[in-house]
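Visitor: below is the sequence, then the predicted model.
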Amino acid sequence: GKPIRDLFPPGEPASIVTQPESVTVQEGRDAAFSVAVTGTPPFSYQWTKNGTPLTDEPGVSGATTRNLQLTQVPFTDNGAQFAVTITGGSGGPVTSDTVTLTVTDDVDPPTLVRANGGSGRDSVIVQY
């Protein structure tokens, strides 16, 4: 018979068709990065922040998927660099462009919504 390798032709290596893009968010808001690839699955993804592999933890989800989600981004993440390395069913891994997360300071002062006296007339209820 035919050699087994002829029955399973080599797949296409992973190739990035849509690179992640830099994101600017206000402190405490959510940010997301995504990548789109072509090639022969399965694909494995690993996002990095400043060169360090990310894991899913509070505030980070999708560290090993095509969509990285960051919640309630702290101001200390301003300038952080993100990239993703993708490994497909064949060929070596490919790494995306490195993109930057810009976090702007929350400079909007609270806005008073309502103020009214408490029922005992000894307190004030203030809502922002």
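Guide: Noted; the coordinates are in hand. Everything numeric in this text was worked out from a predicted model, so none of it was measured.
Visitor: can you count the residues close to Pro109?
Guide: Counted with other CB atoms under 10 Å, residues neighbouring Pro109 total 7. Placement of C-beta: from N, CA and C, glycine included.
Visitor: pull the contacting residues for it.
Guide: Contact analysis of Pro109 by CB atoms under 8 Å, 6 or more residues apart in numbering lists nothing.
Visitor: distance of it relative to Gly51?
Guide: Remark: distance between Pro109 and Gly51 (CB to CB, to the nearest Å) = 37 Å.
Visitor: what's the answer for Val60, then?
Guide: Distance from Val60 to Gly51, by CB to CB: 16 Å.
Visitor: which one's more surrounded, these two?
Guide: Val60 (15 against 9).
Visitor: run through this structure and note the low-pLDDT ranges.
Guide: Applying pLDDT under 70 to the chain flags the ranges 1-10, 108, 118, 124-128.
Visitor: show me the beta-bridge partners of the residue most central in space within the chain.
Guide: Geometric centre of the chain, nearest residue: Leu68, 2.7 Å, by CA atoms, centre = their mean. The partner list for Leu68 in beta bridges (DSSP bridges) reads Phe33.
Visitor: so what touches whichever strand in the chain runs longest?
Guide: The longest strand of the chain (DSSP state E) is strand 80-87. Identification of contacts with strand 80-87 by CB under 8 Å, 6+ apart yields 14, 16, 20, 33, 35, 37, 43-51, 66, 68, 93-101.
Visitor: now do 7 Å
Guide: By CB atoms under 7 Å, 6 or more residues apart in numbering, the surrounding residues in contact with strand 80-87 are 14, 16, 20, 33, 35, 37, 43-50, 68, 93-101.
Visitor: continuing past it, what's the next helix or strand?
Guide: Following strand 80-87 in sequence order, the next helix or strand is strand 94-95 (DSSP states H and E).
Visitor: show me what counts as buried in the helix or strand that that following strand is followed by.
Guide: Going down the chain from strand 94-95, the next helix or strand is strand 99-104, by DSSP H and E. Buried residues in strand 99-104, counted by 16 or more other CB atoms under 10 Å: 99, 101, 103.
Visitor: was I right to think Asp56 contacts Ala63?
Guide: Yes: Asp56 is within contact range of Ala63, at 5.1 Å (criterion: CB atoms under 7 Å).
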